[in-house]
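1. I would like to see how this sequence folds:
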Amino acid sequence: MALKATVVGVGMVGEQIVSILRQRSFPVEWPPIVCATRERTEILDGEEFYVKKTDESCFKGRDIVFFAGKEGARGASAQWGEIAQEAGAVCIDNGSDFRLDPAIPLVVPEVNPEAVTSKSRFIASPNCSTIQLVMVLHPLHQAARIRRVVVSTYQSVSGWGVRAYEDLLNQIPQALKSLNKVSFDPTVFSNSIAFNCLPHIDKFTPDGYTKEEVKMVLETQKIIGDESINISPTAVRVPVLVGHGESINIETENELSASQAQKVLSAAHGILVMDELNKDNPRHDPLERTYPVPLDIRKP
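-> This is a model prediction of the structure:
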């Protein structure tokens, strides 16, 4: 039986939710209800959708609600999550309001699906960089118990949203003329992003870390279920449109060789290990190896 779904938010995340529901033939009635802060029409994944202004009717009789945006300054789930649950829906929240609530499961399906039970009515989705990190750490932690993690991120502007995406595109032609005369939107980033790297994602905390880095620490420990793992993160915004990357260094309690780690990761669900000799490389370097790059995720 097809589920009745609602998607709250029509930004980049909301559009991706609509796209994935279609691509994976998720069993929902089509089209889902799409709602946001104001009524309008939007093209989402190549299809025109009528977007309702969010109110209680968006949740009545719905089986599942995906929260993908904000309602003003607040996360949409903070305003509408309880109402949606009272209407009988299971809520899946992409926002950050409830991730660290001990009563709310924070879930990456490939890592901790057991956190969701038949009684779960509200499920939080982690920060984007946390998801990448725990996908790799979880199988290695099971194999050799991780003691310490040092991680640096290379996060594209899409992680901020549509305005950051557009801001980078607007800055590039200016920067090509003069790097000293690039205008930028200070409500998006604190500096120009074109041909630049910013070690500043979200606001700074009193201890010198940014909130993005703090999220990675606390969310990772919650998902893996081990607060003893020491994590030192550095989150950096890079001038890439779509596609995050991470460099991860780990220290384990038990011995684990590089080849053993590769075997563990290759067997893990949702991970593709790329580290073969690249014999067809255009530089004709006999030692060059394969590796992932952000543009790979844009390929069909």
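2. which stretches of the stretch 1-150 of the chain form strands?
-> Chain-ordered strands for the stretch 1-150 of the chain, with DSSP state E, counting those that start in this stretch as the definition, fall at 5-8, 33-36, 40-44, 47-53, 64-67, 70-71, 74-75, 90-93, 122-124, 146-155.
3. Spatially central residue for the protein, please.
-> C128 (2.3 Å; C-alpha atoms, centre = their mean).
4. The helix or strand encompassing N249 pairs with which strands?
-> Per DSSP states H and E, N249 falls inside strand 245-252. Its sheet considered, strand 245-252 pairs with strand 146-155 (antiparallel) by DSSP bridges.
5. on contacts alone, who are the packing partners of whichever strand or helix holds A261?
-> Element membership of A261 [criterion: DSSP H and E] is helix 258-267. On a contact count with 3 or more C-beta pairs under 8 Å, 6 or more residues apart in numbering; DSSP states H and E, helix 258-267 meets helix 128-144. Where you see a C-beta, it was placed from the backbone N, CA and C, and this is true even at glycine.
6. just how off-centre is stretch 101-110 within its chain?
-> With C-alpha atoms, centre = their mean, to the nearest Å as the basis, stretch 101-110 stands 14 Å off its chain's centre.
7. Domain map for the protein?
-> Following the assignment in automatic domain parsing, the chain carries domains at 5-97, 130-251.
8. nearest residue to S120 other than its sequence neighbours?
-> P105 (5.7 Å; C-beta to C-beta, 6 or more residues apart in numbering).
9. which residues touch that neighbour?
-> Applying C-beta atoms under 8 Å, 6 or more residues apart in numbering, one finds that P105 lies in contact with 112, 115-116, 120, 123-124.
10. And for S247?
-> Going by C-beta under 8 Å, 6+ apart, S247 touches 151-152, 154.
11. Flag the shaky bits of the chain, pLDDT-wise.
-> 71-74, 299-300 (pLDDT under 70).
12. That one: helices as residue ranges?
-> 12-23, 76-86, 128-144, 162-177, 211-224, 258-267 (DSSP state H).
13. out of the strands of the stretch 1-150 of the chain, deepest packed?
-> Ranked by average neighbour count under the criterion mean count of other C-beta atoms under 10 Å, these are headed by strand 5-8 at a mean of 28.
14. Could I get the domains of the chain in TSV, plus columns for distance to S257?
-> Putting the domains of the chain into TSV (distance: least, C-beta to C-beta, whole Å) gives the following:
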stretch	distance to S257
domain 5-97	36
domain 130-251	10
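15. Go through the ones you listed and name the closest to A261.
-> Set against A261 and scored by C-beta to C-beta, those come closest in domain 130-251, at 6.2 Å.
16. Off-centre distance for that closest one?
-> Its chain's average C-alpha position is 11 Å from that of domain 130-251, according to C-alpha atoms, centre = their mean.
17. Ends of it, what's the gap?
-> 18 Å (C-alpha to C-alpha, to the nearest Å).
18. which parts of stretch 268-287 are buried?
-> By neighbour count, and taking 16 or more other C-beta atoms under 10 Å as the criterion, the buried residues in stretch 268-287 are 268, 278.
19. Mind listing residues that contact it?
-> For stretch 268-287, using C-beta under 8 Å, 6+ apart, the contacting residues are 110, 135-136, 138-139, 262, 265-266, 288-292.
20. Next: stretch 145-152.
-> Outside stretch 145-152, the residues that touch it by C-beta under 8 Å, 6+ apart are 133, 137, 140, 216, 220, 228-236, 246-254.
21. Could you check how far the nearest residue to I229 once chain neighbours are set aside is from E251?
-> With C-beta to C-beta, 6+ apart as the measure, I146 is the residue that lies nearest to I229, at 5.5 Å, once sequence neighbours are left out. Going from I146 to E251 by C-beta to C-beta, to the nearest Å gives 7 Å.
22. repeat for S232
-> As defined by C-beta to C-beta, S232 lies at a distance of 11 Å from E251.
23. Kindly report the same for I271.
-> For I271, the distance to E251 under the criterion C-beta to C-beta works out to 20 Å.
24. From what I see, G9 and G75 are in contact.
-> No. Applying C-beta atoms under 8 Å, one finds G9 not in contact with G75, separated by 9.6 Å.
25. overlap in contacts of these two?
-> With C-beta under 8 Å, 6+ apart as the test, G9 and G75 both reach F67.
26. picking that back up, buried ones among the contacts of stretch 268-287?
-> 135-136, 138-139, 265.
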